[in-house]
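> sequence isn't available, so here's the structure alone:
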């Protein structure tokens with residue numbers, strides 16, 4: 001069964017989501033990781049620790065909206081993270097749609113350039129929020 005907007009994560013799932021949110025924001029603020037890298041690294045650490053950290057390099061081009069200002073790097077990195085963790089293509093597609101829908105409801109768009117103009121300075125926070133949302137979704141799925 002897919003994750004549902006009606007599903008309520010457990011306290012453990014919420015704690016994991018908060019932990020991932022804080023961690024991803026911290027990684028971004030450290031300057032060592034950009035948005036996509038921070039999301040993927042945080043999800044990897046908590047949901048696929050056996051996967052080598054070098055996988056994070058696969059999303060290096062996604063920062064700054066893939067260097068063109070298009071789709072938000074945190075959303076792109078989150079999409080890759082979902083594909084890394086989930087083995088079912090339908091579940092991955094469903095969670096990706098949920099992530100994009102949630103992000104658009106929160107920020108209005110997924111366009112990096114627009115977000116940077118309308119939500120100045122929000123990148124560290126939204127990076128954390130994306131990682132937290134993914135952790136919340138994955139924790140809810142694991143509870144079923």
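Everything's here; your move. Computed from a predicted structure; not experimentally measured. Residues are numbered from 1 along each chain as shown.
> for the stretch of helix or strand residue 28 belongs to, the averaged confidence score.
Counting by DSSP states H and E, the element that carries residue 28 is helix 11-30. Averaging pLDDT along helix 11-30 gives 92.
> just checking, what packs against that helix?
helix 35-47, helix 123-142 (3 or more C-beta pairs under 8 Å, 6 or more residues apart in numbering; DSSP states H and E). Yep, even glycine has a C-beta here, placed from its N, CA and C like the rest.
> where in the protein is pLDDT low?
Low-confidence segments of the chain, defined by pLDDT under 70: 1-9, 11, 13, 143-144.
> one step back: buried ones in the helix holding residue 28?
Residues of helix 11-30 classed as buried: 13, 14, 16, 17, 20, 21, 23, 24, 25, 27, 28 (neighbour count, 16 or more other C-beta atoms under 10 Å).
> now those as a markdown table including distance to residue 104?
Shown next, in a markdown table, are the buried residues of helix 11-30 (distance: C-beta to C-beta, whole Å):
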| residue | distance to residue 104 |
| --- | --- |
| 13 | 23 |
| 14 | 23 |
| 16 | 24 |
| 17 | 19 |
| 20 | 21 |
| 21 | 19 |
| 23 | 24 |
| 24 | 19 |
| 25 | 20 |
| 27 | 24 |
| 28 | 21 |
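> who's in contact with stretch 84-91?
2, 40, 43, 44, 47, 48, 51, 55, 92, 95, 138, 141 (C-beta atoms under 8 Å, 6 or more residues apart in numbering).
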